[in-house]
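1. Got a predicted structure here, sequence first:
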Amino acid sequence: MGGPTTSAAWIQGIVDLLADVGQDVPAVLAEVGIDDAMLANPDNRAPTELVSRLWRVAAEHSGNPA
């Protein structure tokens with residue numbers, strides 16, 4: 001995996017926030033390509049671009065650009 005990465009713990013925090021505001025988290029994660037196995041270990045790393053995509057898809061699903 002080349003380039004900048006982000007910890008799964010950080011991504012899990014975003015996922016928790018999305019759930020708290022009523023997002024359809026399974027649908028968002030499926031569209032982004034994040035699975036439970038990746039989130040299961042907080043030491044896992046993912047490309048930072050995946051986090052950017054997570055925010056974009058969450059905004060699209062919510063209809064709220066913020």
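-> Nice, thanks for sending it over. Given the structure is predicted, the values throughout are model-derived calculations rather than measurements.
2. how about the residue most central in space within the chain, what does it touch?
-> Using Cα atoms, centre = their mean, the residue of the chain that lies closest to the mean C-alpha position is Leu54, 4.4 Å off. Leu54 is in contact with 11, 14, 28-29, 32, 34, counting by Cβ atoms under 8 Å, 6 or more residues apart in numbering. The way it works is simple: take the backbone N, C-alpha and C, and place the C-beta from them, glycine included.
3. Helices - which of these land there?
-> Assignment to helices by DSSP state H places the following of those there: 11, 14, 28-29, 32.
4. Please read off the pLDDT at the residue nearest to the centre of the chain from the model.
-> Predicted confidence (pLDDT) for Leu54: 97.
5. Gly63 now?
-> With respect to pLDDT, Gly63 has a value of 86.
6. For it, list the residues it contacts.
-> Under the criterion of Cβ under 8 Å, 6+ apart, Gly63 has no neighbours.
7. From Ile11, how far off is it?
-> When distance is defined by Cβ to Cβ, to the nearest Å, Gly63 is 22 Å away from Ile11.
8. hang on, Ser62 packs against Gln23?
-> Yes. With the criterion set as Cβ atoms under 8 Å, Ser62 and Gln23 qualify as a contacting pair; they are 6.2 Å apart.
9. Name the residue in the two with the higher neighbour count.
-> Set side by side, Ser62 and Gln23 show more neighbours around Gln23, with 18 against 15, by other Cβ atoms under 10 Å.
10. On the three-state scheme, that one is what?
-> Under DSSP: H, G, I helix; E, B strand; the rest coil, Gln23 falls in the coil class.
11. Pull up the per-residue confidence for it.
-> In this prediction, Gln23 carries a pLDDT score of 95.
12. now Gly33
-> Model confidence at Gly33, expressed as pLDDT, equals 95.
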